[in-house]
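[1] no sequence on this one, just coordinates:
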């Protein structure tokens, strides 16, 4: 019976009746490939040209059924053991396939939606394949919405400031470039609409003239209310509303604000301080910076010295690298250092993975790469996830002293500050020394003051004498 059906479809019959069902608009040139399901109760046929199938038939064959359905519908019926490759590109929205839709991409496992921050293109602009059209701002990163095909932007479906989810339509793109003509007409229309406004303006001028007679009557009520002097006196102390601006917070700023407040509400925050003599570390940097840059291709900075010192301190005080989880304490036998980086859009904290296995050059390269990505807004969510300990360097902005806030779900954070030359007693003499205040904020529920002081003391010892790292003392 299946063979009969295929022969009748190929003969060009406009309508074939099979068990009371019908096929319409079957063209002779169109072939109908078949795909049988793996299930024992059903055989499914589909066509690749969706426009040629109007109605579907069901053929009872010894307890089985055969359905002629489009490919997209057939996929839903196929079992998992049937191998079929399906393209995830945006499909055309019309029968000619001239337009495609740009949609919001997958944004990460923990991100369900974002805010459409800005359009990078305008209606009528030509875009290439995978060229960024708009940017979606999430709680953690900014993600580009790319064009699935080359063409001209015909229409924007969403607006700036809208909350969008993965798969939401953002723009319609015309492959043939028909959208460009629409933009040309839209540019001409505003020019044509410009002349009509003057006549209504003239009419408005004529209307106020007769109102001059009514103004004297209006002046009387104005003289009657003398009580408003009190509010006017109070308003003198308030800034004028015209000099204030109200701007909506970005999703990243709201996320940072929420996490910082949660940190204050959750942890028993306590901060301990110490000071570090930077003479030896700065001399080490000055003596070997040229050779280091020539061999490794990266400059030797001070951050790598503090990262290595923090790793040594975390290994000697593992409780600082742990975290409370319910009624348990999770000890982590690896060190992922989070580096706080300030960007124009807000604070981000990328992570150096397995920092305990890195040398000075690898630490410097990792920090430079993550800082560059964070500044450019190209850092990924995976590069900011996790972290067991955070280092924040407020000294680059000139901060002399601060109390940093823990980055959940960590238990401590190290704050670095600016280097200031101060008089110090060395060998019984007062000499100028480059000094830096360091601060450790920790969760006092987990970490006692003894461990916190020992931790900060270890960082001080290693930075003041980097040879300790070689000898492990």
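    It's in. Because the structure is predicted, anything quoted here is derived from the model rather than measured.

[2] mind listing what the longest strand belonging to the chain pairs with, with the direction of each?
    Ranked by residue count under DSSP state E, the longest strand found in the chain is strand 429-443. Strand partners for strand 429-443, identified by DSSP bridges, are recorded as strand 269-277 (antiparallel), strand 412-416 (antiparallel), strand 419-426 (antiparallel).

[3] of all the ones you listed, which lies closest to residue 177?
    Checking these against residue 177 by Cβ to Cβ gives strand 412-416 as the closest, at 53.8 Å. For glycine as for every other residue, the C-beta is placed from the backbone atoms N, C-alpha and C.

[4] buried residues in the closest one?
    Using 16 or more other Cβ atoms under 10 Å as the burial criterion, the residues of strand 412-416 that qualify are 412, 413, 414, 415, 416.

[5] pick the one among those residues closest to residue 148.
    Nearest to residue 148, judged by Cβ to Cβ, of the buried residues of strand 412-416 is residue 413 at 42.7 Å.

[6] the closest one pairs with what?
    For residue 413, the residues forming beta bridges with it (DSSP bridges) are residue 390, residue 441.

[7] and the gap between residue 419 and residue 372?
    Computed as Cβ to Cβ, to the nearest Å, the residue 419 to residue 372 distance reads 24 Å.

[8] cool, residue 144 as well?
    Counting by Cβ to Cβ, the separation of residue 144 from residue 372 is 17 Å.

[9] higher neighbour count, these two?
    residue 144 (15 against 12; other Cβ atoms under 10 Å).

[10] what helix or strand is the more buried one on?
    Assigned by DSSP states H and E, residue 144 belongs to strand 142-146.

[11] name the residues that touch that strand?
    When contacts are taken as Cβ atoms under 8 Å, 6 or more residues apart in numbering, the neighbours of strand 142-146 outside the stretch itself are 102-105, 107, 114, 117, 120, 130-136, 170-171, 345, 377.

[12] drop anything exposed from the residues you listed.
    Buried residues within these, defined by neighbour count using 16+ other Cβ under 10 Å: 102-104, 107, 114, 117, 133-136, 170-171, 345, 377.

[13] and those residues as JSON lines, adding pLDDT, secondary structure and distance to residue 425?
    Below are those laid out as JSON lines (pLDDT from 0 to 100; DSSP: H, G, I helix; E, B strand; the rest coil; distance: Cβ to Cβ, whole Å):
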{"residue": "102", "pLDDT": "89", "secondary structure": "strand", "distance to residue 425": "67"}
{"residue": "103", "pLDDT": "89", "secondary structure": "strand", "distance to residue 425": "67"}
{"residue": "104", "pLDDT": "89", "secondary structure": "coil", "distance to residue 425": "62"}
{"residue": "107", "pLDDT": "77", "secondary structure": "coil", "distance to residue 425": "56"}
{"residue": "114", "pLDDT": "85", "secondary structure": "strand", "distance to residue 425": "56"}
{"residue": "117", "pLDDT": "85", "secondary structure": "strand", "distance to residue 425": "55"}
{"residue": "133", "pLDDT": "88", "secondary structure": "strand", "distance to residue 425": "64"}
{"residue": "134", "pLDDT": "90", "secondary structure": "strand", "distance to residue 425": "61"}
{"residue": "135", "pLDDT": "86", "secondary structure": "strand", "distance to residue 425": "55"}
{"residue": "136", "pLDDT": "88", "secondary structure": "strand", "distance to residue 425": "57"}
{"residue": "170", "pLDDT": "90", "secondary structure": "strand", "distance to residue 425": "65"}
{"residue": "171", "pLDDT": "90", "secondary structure": "strand", "distance to residue 425": "68"}
{"residue": "345", "pLDDT": "77", "secondary structure": "coil", "distance to residue 425": "45"}
{"residue": "377", "pLDDT": "80", "secondary structure": "coil", "distance to residue 425": "48"}
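
[14] which among those gets closest to residue 368?
    Proximity to residue 368 was ranked across the buried ones among the contacts of strand 142-146 by Cβ to Cβ; first place goes to residue 377, at 16.4 Å.

[15] residue 380 - nearest residue in space that isn't next to it in sequence?
    Residue nearest to residue 380 in three dimensions, not counting chain neighbours: residue 141, with 6.6 Å by Cβ to Cβ, 6 or more residues apart in numbering.

[16] how far away is the one you found from residue 162?
    The gap separating residue 141 from residue 162 is 18 Å, by Cβ to Cβ.

[17] and those two? Which one has more around it.
    residue 141 (24 against 13).

[18] per-residue pLDDT of the residue nearest to residue 157 when sequence neighbours are not counted, please?
    Closest residue to residue 157 apart from its sequence neighbours, by Cβ to Cβ, 6+ apart: residue 169 at 4.7 Å. You'll see residue 169 listed with a pLDDT of 89.

[19] go on, residue 323?
    Among the per-residue scores, residue 323 holds a pLDDT of 96.

[20] tell me which residues of the host helix or strand of residue 313 come out buried.
    Residue 313 belongs to helix 303-316 when elements are defined using DSSP H and E. Neighbour-count burial for helix 303-316, with 16+ other Cβ under 10 Å as criterion, is recorded at 303, 304, 305, 306, 307, 308, 309, 310, 311, 312, 313, 314.
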